[in-house]
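A.B. asks: Quick one, fold the following:
(chains A, B, C and D)
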There are 2 protein chains.
Amino acid sequence: MEKGAHQRAHLIDVARDLFAAQGYEATTTRALNQAAGTSDGLLYYYFPHGKQDILDTIVEEGLTRRASEFTVDFSHVDSKTALAEQLVRLIDGVWQSLAREDNYQSFIITVRNRMLLSQAGSDWLDGYTNGLEQRILAGLATVGPKLGYSETQIPVLTSIIAALVISPLFTELLLRNQRTLATDQLTELQGQIEFLLAR
Amino acid sequence: MEKGAHQRAHLIDVARDLFAAQGYEATTTRALNQAAGTSDGLLYYYFPHGKQDILDTIVEEGLTRRASEFTVDFSHVDSKTALAEQLVRLIDGVWQSLAREDNYQSFIITVRNRMLLSQAGSDWLDGYTNGLEQRILAGLATVGPKLGYSETQIPVLTSIIAALVISPLFTELLLRNQRTLATDQLTELQGQIEFLLAR
DNA sequence: GTCTATACTGGGATAGAC
DNA sequence: GTCTATCCCAGTATAGAC
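C.D. replies: Coordinates of the predicted model:
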């Protein structure tokens, strides 16, 4: 990477750190420049629209990255136990990806600054949760009939499981400022899924 | 109400409007004073600690108000259908209360400015969701055995229902900027609960 | 007790030197 | 491509008018 691209990337990294830690508005460009070791004016060379420009860039990266995450394989599932296991693996994958600093920060920053973002900028998160639900639906649709779930049950089952996945994301990440799912919470989630599938 | 108290209350109302619409940091005290029709210095007469002081007050009101909301009566429930009905009524109550402008704004403002708040200030929302779960648990504990749910099933059932209630709160209010639960979403929720109880 | 005018400080942004 | 000096405006604070 050339010097220029490097400086730009460096500014983004430092900004993501500070935005997530202190919030977007509370982070001054002076503090950002000082932390990055660059001068005040340089920021406007790489980001002509200033601080907001950096925010947009960070959120956009969250957007482009999400697509490739979590590939879970339902093809060999032949029992309810195996299905539950794959679903737990999917949930684990979601939290693993959020353990990555930049993913976590993109998530938090997007929710907290939703009103500052363009429509596209805030849509990625909605797409993220929808994608999660779609993946679960796809999995259940292929193995569901084999396991004795009727056509009408599968969508309902899917939406309930999706709620089970999404609800802790918000309560832990946003309300409790907790970045990982504690093992007993994962166990609880597993219990809920097994309870749900056992019918 | 005397002049003084009125002015103070007026400033809070206007601030809640602006904070919810544009965000806390993006709202300047000058804009706030102009919108309220008062002069710049007056704000510091009523709120010696300035803008943050107003934020704390707004959040604190969200805190004190929540306790009295939603009284749902499970005592006459004698069938799974009646139980589902009461749960849907509870969910409806939650959304009814959020339709109230000031409740909605307190909710949004609290989540978005979580990192600016004192611990107590941010805890009320966590307490709110916990209270919701407790209420469901209390209801199921009284009528659950009568309807054939075992001691071990009730907590799991409760936590799943809580997730079903909480998940839409976040996706609609925070991600989609949607302030009410569309009727088809309420219907979906009802379907999920009935599916869940039918075992 | 209520309110206004005004000064101070610090942050976002820009112009222009190098 | 990078840095320095500077501008303007917002949040804060206070002295004093009524």
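A.B. asks: for chain A, which helix is longest?
C.D. replies: Counting residues, the longest helix in chain A under DSSP state H turns out to be helix A:119-143.
A.B. asks: in it, what's buried?
C.D. replies: A:121-125, A:128-129, A:132-133, A:135-137, A:139-140, A:143 (16 or more other CB atoms under 10 Å in any protein chain shown). Every residue, glycine included, has its C-beta placed from N, CA and C.
A.B. asks: On the C-terminal side of it, identify the next helix or strand.
C.D. replies: Following the chain from helix A:119-143 toward its C-terminal end, the next helix or strand by DSSP states H and E is helix A:153-170.
A.B. asks: Going along the chain from that following helix, find the next helix or strand for me.
C.D. replies: Proceeding N to C from helix A:153-170, the next assigned helix or strand is helix A:183-197, under DSSP H and E.
A.B. asks: tell me the contacts of the one residue in chain A that gets nearest to DNA strand C?
C.D. replies: Of all residues in chain A, the one sitting closest to DNA strand C is A:G50 (2.4 Å; CB to the nearest atom of the strand). A:G50 makes contacts with A:29, A:43-44, as judged by CB atoms under 8 Å, 6 or more residues apart in numbering or on different chains.
A.B. asks: I'd like the residues you listed as TSV, with neighbour count, pLDDT and distance to B:Q192 appended.
C.D. replies: Rendered in TSV, the data for these read as follows (neighbours: other CB atoms under 10 Å in any protein chain shown; pLDDT from 0 to 100; distance: CB to CB, whole Å):
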residue	neighbour count	pLDDT	distance to B:Q192
A:T29	15	96	47
A:L43	23	96	48
A:Y44	13	96	51
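A.B. asks: restrict those to contacts with chain B.
C.D. replies: With CB under 8 Å from any CB of the partner chain as the criterion, no member of the contacts of A:G50 is in contact with chain B.
A.B. asks: Kindly state the domain boundaries assigned to chain A.
C.D. replies: A:3-48, A:68-197 (automatic domain parsing).
A.B. asks: Of those, give the one that comes closest to DNA strand D.
C.D. replies: domain A:3-48 (2.3 Å).
A.B. asks: where in chain A is pLDDT low?
C.D. replies: Judged by pLDDT under 70, chain A has its weakly predicted residues at A:1-4, A:63-64, A:66-70.
A.B. asks: Quick check: residues of it near DNA strand C?
C.D. replies: Proximity of chain A to DNA strand C is confined to A:27-31, A:40-41, A:43-44, A:48-52 under the rule CB under 7 Å from any atom of the strand.
A.B. asks: mind running it again at 6 Å?
C.D. replies: In this structure, chain A approaches DNA strand C at residues A:28-30, A:40-41, A:44, A:50-51, judged by CB under 6 Å from any atom of the strand.
A.B. asks: Format those residues as JSON lines; extra columns: secondary structure.
C.D. replies: Compiled in JSON lines, those are given as follows (DSSP: H, G, I helix; E, B strand; the rest coil):
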{"residue": "A:T28", "secondary structure": "coil"}
{"residue": "A:T29", "secondary structure": "helix"}
{"residue": "A:R30", "secondary structure": "helix"}
{"residue": "A:D40", "secondary structure": "coil"}
{"residue": "A:G41", "secondary structure": "coil"}
{"residue": "A:Y44", "secondary structure": "helix"}
{"residue": "A:G50", "secondary structure": "coil"}
{"residue": "A:K51", "secondary structure": "helix"}
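A.B. asks: Looking at the contacts of A:G50, which is nearest chain B?
C.D. replies: A:T29 (13.9 Å; CB to the nearest CB).
A.B. asks: ok, that closest one - contacts?
C.D. replies: A:40, A:43, A:50-51.
A.B. asks: of those residues, list those near DNA strand D.
C.D. replies: The subset of the contacts of A:T29 lying close to DNA strand D, counting by CB under 6 Å from any atom of the strand, consists of A:D40.
A.B. asks: Check the secondary structure at the closest residue to chain B within chain A for me.
C.D. replies: Per CB to the nearest CB, the residue of chain A with the smallest distance to chain B is A:E25, at 3.2 Å. Using three-state DSSP as the criterion, the local structure at A:E25 reads coil.
A.B. asks: Surely it and B:G23 touch.
C.D. replies: Yes: counting by CB atoms under 8 Å, A:E25 touches B:G23, with 7.4 Å between them.
A.B. asks: What is the neighbour count of the nearest residue to A:R65 once chain neighbours are set aside?
C.D. replies: Counting by CB to CB, 6 or more residues apart in numbering or on different chains, the nearest residue to A:R65 once its immediate chain neighbours are dropped is A:N103, at 6.9 Å. The criterion is other CB atoms under 10 Å in any protein chain shown. On that basis, A:N103 has 18 neighbouring residues.
A.B. asks: which outside residues touch whatever helix or strand A:N103 lives in?
C.D. replies: Here A:N103 sits within helix A:101-112, counting by DSSP H and E. Contacts with helix A:101-112, where a contact means CB under 8 Å, 6+ apart, come from A:16-17, A:19-20, A:23-24, A:55, A:58-59, A:61-62, A:65, A:97-98, A:117, A:121-122, A:124-125, A:173-174, A:179, B:111-112, B:114, B:174-175.
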